[in-house]
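> I'll drop the sequence and a predicted model, then ask my questions.
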Amino acid sequence: MTIDFELSPRIKATKNMIHMFAESAVRPIARQYDENEHEKPWDLLNMVQKFMGGGVAGAFGTEKKDKGEEKEPKEKKPRETNLAGAVTIEEIFWGDAGIALAFPGPGLGGAAVQASGTPEQKEKFLARFSGEKPVWGAMAITEPEAGSDTANIKTTAVLDGDEWVLNGEKIFVTSGKSALEDSEGFVVVWATVDRKAGRAGIKPFIVEHGTPGMQITKIEDKLGIRCSDTVSISFMDCRIPKENILGSPEVVDKTKTEGFKKVMATFDATRPLVAAMAIGVGRAALDFIKQTLKEEGVELRYGINPHRMSSLERDIMQMEADLKAARLLTWRAVWMLDNGLRNDLQASMAKAKAGLAVTRITQKAVEIMGPIGYSREYLLEKWMRDSKINDIFEGTGQIQLLVTARRVLGFTREQLK
Ligand SMILES: Cc1cc2nc3c(=O)[nH]c(=O)nc-3n(C[C@H](O)[C@H](O)[C@H](O)COP(=O)(O)OP(=O)(O)OC[C@H]3O[C@@H](n4cnc5c(N)ncnc54)[C@H](O)[C@@H]3O)c2cc1C
């Protein structure tokens, strides 16, 4: 199988269209929705739903299938859904990360339904994202004492007749308010059916908006991505239908963790997309400093002997190299997914590289620009704030390095913690 990262004409056309949209509709309101953290750009969100409903959803981790296409194609024909998603996401996040994260769509919750839901569950829970009105999906894993260490999840799910009863507290749920209060969405909640079983006992459950016993208890004020809502949710005797579990309810063998692994596999699809988000922000910062330097008559001399470069040239070329390396890792990870190859290692490598690269690139960009970088008159300081999240959510940079080290060195989770 040959790897070819020359983008297809279809992806190139989409990339250009999305870039124009990001430049004309997203970037101009970026500052406004950074300053007014808990407001939503409803006009834009309604427009996004109208023109991209389902398309943006595809870009955010769920596969949109052409009419007539088999649900699980047996034949390994090359697909580019995930590559198209990564390219699209880079462009939108170039426009603005906070606003892009606030776009309607299935989000991580929808990705989990797509990865481990039954055909009936997919039909019931994913159809709503292609409707007229914006709808959001969310995923609630993190708890006060369980983030990186997901095995420590304490939220419980107990079967009572035809219902699961959920009790516990979730924190830092992206788009939780959008999903549960601003639209008819849902949140996928990770809870344990058997604490003693460890990871094997942890299952994802779909909880619909408006379910009694579920309450948003806090809305975060954040450093960056301020247009995106992040909430805490409490579950107190929250009853959901028995069939709202994703995957099997069985804790087959307490020494095995297959069910847990299947849910974790959701991240193999979404981590490269988080990397693409980071790359979009990093590119915004790089474009800005290169344009500013150009306007000031500073020429960057590519191809000269490194010993003759100025420190500014060296810094900028290093930033460009880091961004390109991150993009290549990201495209490889999504290419593998499109071609039905296991990509957990590559997904973690892409996210580890992109998260760190964009954090460094935006900080360096502020340093190079000095007061222009620090002033709120420009967006550079915002990009520096927005970038850090890529090193935190969906597994921190350290966790990605840990996953990578385990796979490269052949160690188990128990051998390398
Ligand atoms: C804006 C925002 C949005 C979020 N959205 C969501 C969401 O939608 N859904 C959701 O469930 N969660 C979400 N999160 C939570 C996020 O995924 C967690 O914060 C993250 O996984 C880290 O977990 P933690 O907070 O428990 O930190 P900890 O795990 O306590 O980590 C603290 C520090 O210790 C390091 N560390 C931990 N374990 C190790 C180790 N074994 N080796 C080396 N270093 C280690 C970490 O890398 C980190 O630097 C969001 C967080 C933020 C800030």
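Received the coordinates, thanks. Numbering: from 1, shown residues only.
> how much space between the nearest residue in space to residue 300 that is not next to it in sequence and the ligand?
By the measure of Cβ to Cβ, 6 or more residues apart in numbering, the closest residue to residue 300 outside its immediate chain neighbours is residue 313, 5.5 Å from it. Every C-beta, even on glycine, is put in place using the N, C-alpha and C of the backbone. The gap separating residue 313 from the ligand is 33 Å, by Cβ to the nearest ligand atom, to the nearest Å.
> which bits of the protein sit near the ligand?
108, 138-142, 147-148, 172-174, 222, 230, 389, 392-393, 395-396, 398-399, 402, 417 (Cβ under 6 Å from any ligand atom).
> show me which of these are buried.
108, 138-142, 147, 172-174, 222, 230, 389, 393, 395-396, 399, 402 (16 or more other Cβ atoms under 10 Å).
> just the residues of the chain next to the ligand: which are in helices?
108, 398, 399, 402 (DSSP state H).
> which one of these is nearest the ligand?
residue 398 (3.4 Å; Cβ to the nearest ligand atom).
> contacts only, for the closest one.
Counting by Cβ atoms under 8 Å, 6 or more residues apart in numbering, residue 398 touches residue 148.
> quick one: pLDDT of it?
What the model reports as pLDDT for residue 398 is 96.
> what of residue 176?
pLDDT, read off for residue 176, is 98.
> do residue 251 as well
83.
> ok, now which ones touch it?
Contacts of residue 251 (Cβ under 8 Å, 6+ apart): 193, 194, 197, 200, 201, 259.
> cool, and residue 309?
Taking Cβ under 8 Å, 6+ apart as the definition, contacts of residue 309 comprise 301, 317.
> and the gap between the residue of the stretch 1-150 of the chain found nearest the ligand and residue 366?
Closest contact between the stretch 1-150 of the chain and the ligand, by Cβ to the nearest ligand atom, is at residue 147 (1.6 Å). According to Cβ to Cβ, to the nearest Å, residue 147 stands 28 Å off from residue 366.
> which elements pack onto the helix of greatest length in the chain?
In the chain, with assignment by DSSP H, the single longest helix is helix 266-295. Counting contacts by 3 or more Cβ pairs under 8 Å, 6 or more residues apart in numbering; DSSP states H and E, helix 266-295 packs against helix 81-95, helix 97-101, helix 107-116, helix 311-338, helix 344-369, helix 380-387.
> could you give the angle of the longest one to helix 266-295?
Here helix 311-338 runs at an angle of 150 degrees relative to helix 266-295 (axes from the mean of the first three to the mean of the last three Cα atoms, to 10 degrees).
> gap between helix 311-338 and the chain center?
18 Å (Cα atoms, centre = their mean, to the nearest Å).
> number of residues surrounding the spatially closest residue to residue 403 that is not a sequence neighbour?
Spatial nearest neighbour of residue 403, excluding adjacent residues (Cβ to Cβ, 6+ apart): residue 348 at 4.2 Å. Using other Cβ atoms under 10 Å, residue 348 has 28 other residues around it.
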